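S.K.: Return a 3D structure for these sequence lines:
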Amino acid sequence: MEKIKLHFTPSDFELEIDGLNIEVAQSAIPDQDLSESEILRRAIANADRDLEAFARNANKPLVIVNDRQRPTPTAKILPYIEPVIAKDPLFIVACGAHEAPKEAELKAIFGEAWEGVKSRLFIHRAKTDPTVKLFTSRDGFDFELNQIIESSDSIVTINSVEPHYFAGFTGGRKSFLPGISSYNTIQENHKFSLLPGSKTFALEGNPVHENMMELSDYIAKNRDIYSIQVVLHPISGKIFSAYAGSINSAFYKAVEDGRKLYGAPISNKADIVITVATSPQDARLYQSFKALDNGSVALNENGILILLASCHEGIGNADFVANVSRFKSPNDVLQSKEFTLENYKLGYQRMLRLARWGANGNLWIVSNMRDDEARMVFFRPFKKLDQAIEEALSIKGKDARIVLIPNGILTVPYISAIAA
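M.R.: Numbers count the residues shown, from 1 in each chain. Alright, predicted model coming up:
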């Protein structure tokens, strides 16, 4: 009896796939033979700049880390920047427009370092924190950042690089935008997600990425930055590779690994796609959407897209909930005249995608959310995956082709002649 293990917080479960016309989309690249500690040690040793020299010259260093909406293994990385830690740096959690993390999440981010950093820790709150204007962008809006950036001329950024459905990739420049930017600056940047070119894996010609880089390059010219960028294996979740030193150099090297690692060959598109949001992104629907975007790449027109995501903390992002609740159906969204660059509000890009997928009733979810919550955001709700599969096969036919993506957050399917 063939089974495959899938994640559904708080535990994993096995899905029986015997008798199904199913293809599993996941990375074909095996995990590293090196330990995570050796990968990080080599990254520091082979960096294009010396960490100890950076630390010696650092004046009141600032360390920028990701929140728990990203799988970045910050706690594993911190011991490798000990020369900086020894100078009692300030820390800031780069939440962007996300909700502030709870104490349990902060302890998960910092691990054993938590007790030592909590007295020097700031949480970025995009709507309320005091900001400073750095300069006006080429696109005519102000780049406003948390004023903590004024406290130091030496910055360490810690990131993981993953596919992102409109920025191309996470990591690198995202420590600053959206990481510690004002809500208005984030909104102005994210409106470019409505434009062509803003898509998964795309950097060149991507207006979201290019605007982020305008800010990041400015900061790099006016601050001393040391960066660590890691790439996680999509199956094991362990550190696959790491790069350190100059922020752009480390980021673009990680991106090249990401392109190879996160692409998953499939033989063809499918009438049913099951895409799994893994922890920690599965806590809230708003972050689980990334699995939908990647899953939609493998879906035939009028196919059924099934998201498996616990969503044990609900939808998330109160602004998104307020906006989407104004519309009774996907067609109401698609027929609205307000989804333009001029009227853009954070979350509009997600609403439009959901409406397009859900317009024919073929957007389904298996989650712990209440049914009324799921329906409000255009999903047909289920509590068990096998029930959703059975229903989908009754509609598409018992031999309908299925593509299953065990890690929809970190997997981008593509059609391959070799896989076929």
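
S.K.: Parallel or antiparallel, which strands does the lowest-mean-pLDDT helix or strand in the chain pair with?
M.R.: Scoring the helices and strands of the chain by mean pLDDT, DSSP states H and E places strand 11-16 at the bottom, with a mean of 86. Looking at strand 11-16 with DSSP bridges, its partner strands are strand 3-8 (antiparallel).

S.K.: how about the strands of the stretch 151-300 of the chain, start to end?
M.R.: Taking DSSP state E, counting those that start in this stretch, the strands of the stretch 151-300 of the chain run over residues 154-160, 163-164, 168-169, 224-232, 239-245, 263-266, 270-276, 299-308.

S.K.: need those in a markdown table with mean pLDDT and mean neighbour count, can you?
M.R.: For every residue, glycine as well, the C-beta is placed using N, CA and C. Listed next are the strands of the stretch 151-300 of the chain as a markdown table, based on pLDDT from 0 to 100; neighbours: other C-beta atoms under 10 Å:
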| stretch | mean pLDDT | mean neighbour count |
| --- | --- | --- |
| strand 154-160 | 97 | 25 |
| strand 163-164 | 94 | 23 |
| strand 168-169 | 96 | 26 |
| strand 224-232 | 97 | 26 |
| strand 239-245 | 98 | 25 |
| strand 263-266 | 94 | 21 |
| strand 270-276 | 97 | 27 |
| strand 299-308 | 96 | 21 |
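
S.K.: got TSV for those, with distance to residue 395 too?
M.R.: Below are the strands of the stretch 151-300 of the chain laid out as TSV (distance: least, C-beta to C-beta, whole Å):
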stretch	distance to residue 395
strand 154-160	38
strand 163-164	30
strand 168-169	34
strand 224-232	36
strand 239-245	38
strand 263-266	21
strand 270-276	9
strand 299-308	7
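
S.K.: and of these, who's closest to residue 202?
M.R.: When the strands of the stretch 151-300 of the chain are compared by C-beta to C-beta, strand 168-169 sits nearest residue 202, at 4.7 Å.

S.K.: Given the closest one, what are its sheet partners and their directions?
M.R.: Counting by DSSP bridges, strand 168-169 is paired with strand 163-164 (antiparallel).

S.K.: Identify the residues contacting the partner strand?
M.R.: Identification of contacts with strand 163-164 by C-beta atoms under 8 Å, 6 or more residues apart in numbering yields 169-170, 200-201, 258, 262, 290, 294, 410, 412.

S.K.: Sort those residues by pLDDT and name the bottom one.
M.R.: Lowest pLDDT of the contacts of strand 163-164: residue 290, 89.

S.K.: Surely it and residue 281 touch.
M.R.: Yes - at 6.4 Å, residue 290 counts as touching residue 281 under the criterion of C-beta atoms under 8 Å.

S.K.: Now the common contact residues for the two.
M.R.: With C-beta under 8 Å, 6+ apart as the test, residue 290 and residue 281 both reach residue 409.

S.K.: related to what we said a few turns ago, can you lay out the contacts of strand 163-164 as TSV showing distance to residue 146?
M.R.: Output for these, formatted as TSV (distance: C-beta to C-beta, whole Å):
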residue	distance to residue 146
169	23
170	19
200	28
201	29
258	27
262	30
290	25
294	31
410	28
412	32
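
S.K.: Could I have the buried ones of these as PyMOL selection syntax?
M.R.: Buried members of the contacts of strand 163-164, defined by 16 or more other C-beta atoms under 10 Å, are picked up in PyMOL with:
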select buried, resi 169+170+200+201+258+262+290+294+410+412
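
S.K.: Give me the subset of the contacts of strand 163-164 that lies in helices.
M.R.: The helices, defined by DSSP state H, take in 258, 262, 290, 294 from the contacts of strand 163-164.

S.K.: thinking again about what came up before, buried ones in the least confident helix or strand of the chain?
M.R.: residue 15.

S.K.: what's the closest of the strands of the stretch 151-300 of the chain to residue 40?
M.R.: strand 239-245 (5.4 Å).

S.K.: so what does the closest one touch, helix or strand wise?
M.R.: If contacts are counted by 3 or more C-beta pairs under 8 Å, 6 or more residues apart in numbering; DSSP states H and E, strand 239-245 sits against helix 36-45, strand 224-232, helix 247-262.
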